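[1] Compute the structure for the input listed below.
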Amino acid sequence: MSRRVDRLFVDANVLFSAAYMPDSRLRRLWSLADTELVTSGFALEEARRNLLAYNPDCLSVLDELSAHMTVAAGVPLDTKLPRAVDLADKDRPVLSAARAASCTHLLTGGKRHFGPLYGRNIQGVLVLTPAQYLQHRKGRR
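    Alright, predicted model coming up:
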């Protein structure tokens, strides 16, 4: 029997936090079995810009983390979402990139914009905080 592999799309705020805080529990995501971490060039550059502003010394950590991920190039042109999904224009490419990369989950700490979508499956992508994902995963095992 084959094991289920979760494809986790990691948003910019998760990347930023994992790079910025060396003791962050977010780093566990990079060591989980049966997972593949994915992000977009768009999200990676946003994390890079924010680290440059807050602590440029963390850029090398971000580079190390991203070396162990699939980085999808470009921003998806199709940002159409179901009518019931209210998401700011600047956040639509994040969810669209997760869909385009066939991710099973979108992990984001962006509560202000993504909070209403937490726990919802949007066109095949379950939107969760990293903590929710880890709890969800624990419950599946």
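[2] what residue ranges in this protein score low on pLDDT?
    Within the chain, the stretches with pLDDT under 70 are 1-3, 74-79, 141.
[3] For it, just list every one of the strands.
    6-10, 35-40, 70-72, 105-107, 121-122, 125-128 (DSSP state E).
[4] and these as a markdown table, adding distance to residue 19 and mean neighbour count?
    C-beta: built from backbone N, CA, C; applies to glycine. Formatted as a markdown table, those follow (distance: least, Cβ to Cβ, whole Å; neighbours: other Cβ atoms under 10 Å):
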| stretch | distance to residue 19 | mean neighbour count |
| --- | --- | --- |
| strand 6-10 | 11 | 23 |
| strand 35-40 | 12 | 22 |
| strand 70-72 | 14 | 16 |
| strand 105-107 | 15 | 26 |
| strand 121-122 | 27 | 14 |
| strand 125-128 | 20 | 23 |
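[5] Let's have the ones you listed in CSV, adding distance to residue 63.
    As requested, these are arranged in CSV below (distance: least, Cβ to Cβ, whole Å):
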stretch, distance to residue 63
strand 6-10, 15
strand 35-40, 13
strand 70-72, 11
strand 105-107, 20
strand 121-122, 30
strand 125-128, 26
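[6] I'd like to know which of those strands lies nearest to residue 62.
    Checking the strands of the chain against residue 62 by Cβ to Cβ gives strand 35-40 as the closest, at 10.5 Å.
[7] In CSV, list the C-alpha atoms belonging to the longest helix seen in the chain.
    Looking across the chain with DSSP state H, the single longest helix is helix 41-54. Presented in CSV, the C-alpha positions along helix 41-54 are these (Å, rounded to 0.1, in the frame of the first residue of the first chain):
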residue,chain,number,x,y,z
GLY,A,41,8.9,32.4,-6.6
PHE,A,42,6.4,35.1,-5.6
ALA,A,43,6.1,33.9,-2.0
LEU,A,44,9.9,33.3,-1.7
GLU,A,45,10.7,36.8,-2.9
GLU,A,46,8.2,38.3,-0.5
ALA,A,47,9.9,36.4,2.4
ARG,A,48,13.3,37.6,1.1
ARG,A,49,12.2,41.3,1.0
ASN,A,50,10.8,41.1,4.5
LEU,A,51,13.9,39.4,5.9
LEU,A,52,16.1,42.0,4.2
ALA,A,53,14.1,44.7,6.1
TYR,A,54,14.2,43.0,9.5
